[in-house]
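J.: For reference, the sequence and a predicted model appear below.
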Amino acid sequence: ASYIVRPRGPLSWLDPGAFGTLGVGAGFALGAKLVRPEAEVWIIWGDGSTGYSVAEFDTFNRHGVPVIGLVGNDACWTQIEREQIPMFNSDVACPLEYCNYDTVAQGYGGEGFTVSGGSPADTTTLLQKAQAEARKGTPMLVNVRIGKTSFREGSLSV
């Protein structure tokens, strides 16, 4: 996310840094929203890291912490696969299934949507709906099914 999204002001971006620190997004979002309750707080996740901390939607719901989770779901540990295939000629343990993370968030008391195909206007409408529901106090998860890309090919994952 840090390659595309830029902070909008001081103290408005929490990033685990070069080492990734897989799964910290929900904890970061929880802390950010508790410190700045008036702020719109987003978690930008990959699908692999979502699996590590999506259960925090239970925490968000129980404690009235309406964050918005945005999942880029390509059904793969792509950051690992990108290096593993050239090095070992195998994708073993990298492919995942497209999980309905929005349904998981609903099971924990949040709400969610899936974006799969559709026009940019449709996507914008769903993101705006997530923002509106979060302003009403509901933790939201937007599960965006994405395809494969060569973005960041050649970069190193430390």
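T.: Thanks, I have it. Computed from a prediction, not measured in an experiment: that's the story for all the values here.

J.: Can you tell me the closest non-neighbouring residue to Ile85?
T.: When the adjacent residues along the chain are set aside, Ile85 lies closest to Asp91, with 5.6 Å between them (CB to CB, 6 or more residues apart in numbering). The C-beta positions use only the backbone N, C-alpha and C, and glycine is treated the same way.

J.: The one you found and Gly118: what is the separation?
T.: 28 Å (CB to CB, to the nearest Å).

J.: what number of residues lie near the residue nearest to Ile85?
T.: Residues within reach of Asp91, counting by other CB atoms under 10 Å, total 13.

J.: close enough to count as contact, it and Arg82?
T.: No: counting by CB atoms under 8 Å, Asp91 stays clear of Arg82, with 10.2 Å between them.

J.: Which residue is the nearest non-sequential neighbour of Ala134?
T.: Among residues not flanking Ala134 along the chain, Pro66 sits closest, at 4.3 Å (CB to CB, 6+ apart).

J.: Number of residues surrounding the one you found?
T.: Neighbour count for Pro66, taken as other CB under 10 Å: 20.

J.: Contact partners for the residue nearest the centre of the chain?
T.: Among the residues of the chain, Trp45 comes closest to the average C-alpha position under CA atoms, centre = their mean, at 2.2 Å. In this structure, Trp45 makes contact with 25, 69-72, judged by CB atoms under 8 Å, 6 or more residues apart in numbering.

J.: Turn those into CSV, including neighbour count and pLDDT.
T.: Rendered in CSV, the data for the contacts of Trp45 read as follows (neighbours: other CB atoms under 10 Å; pLDDT from 0 to 100):
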residue, neighbour count, pLDDT
Gly25, 27, 90
Gly69, 29, 97
Leu70, 20, 96
Val71, 27, 96
Gly72, 17, 92
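
J.: Sort out for me which of those residues are in helices.
T.: Gly25 (DSSP state H).

J.: and of the contacts of Trp45, the nearest to Arg8?
T.: When those are compared for distance to Arg8 (CB to CB), Leu70 wins out at 15.5 Å.

J.: Isn't the closest one up against Val142?
T.: Yes: here Leu70 reaches Val142: they are 5.1 Å apart, a contact under CB under 8 Å.

J.: Residues that sit against both of the two, list them.
T.: Common contact partners of Leu70 and Val142 (CB under 8 Å, 6+ apart): Leu127.

J.: and after the lowest-mean-pLDDT helix or strand in the chain, which helix or strand comes next?
T.: Comparing helices and strands within the chain by mean pLDDT, DSSP states H and E singles out helix 78-88 as the least confident, with a mean of 85. The first helix or strand that comes after helix 78-88 along the chain, using DSSP states H and E, is helix 101-107.
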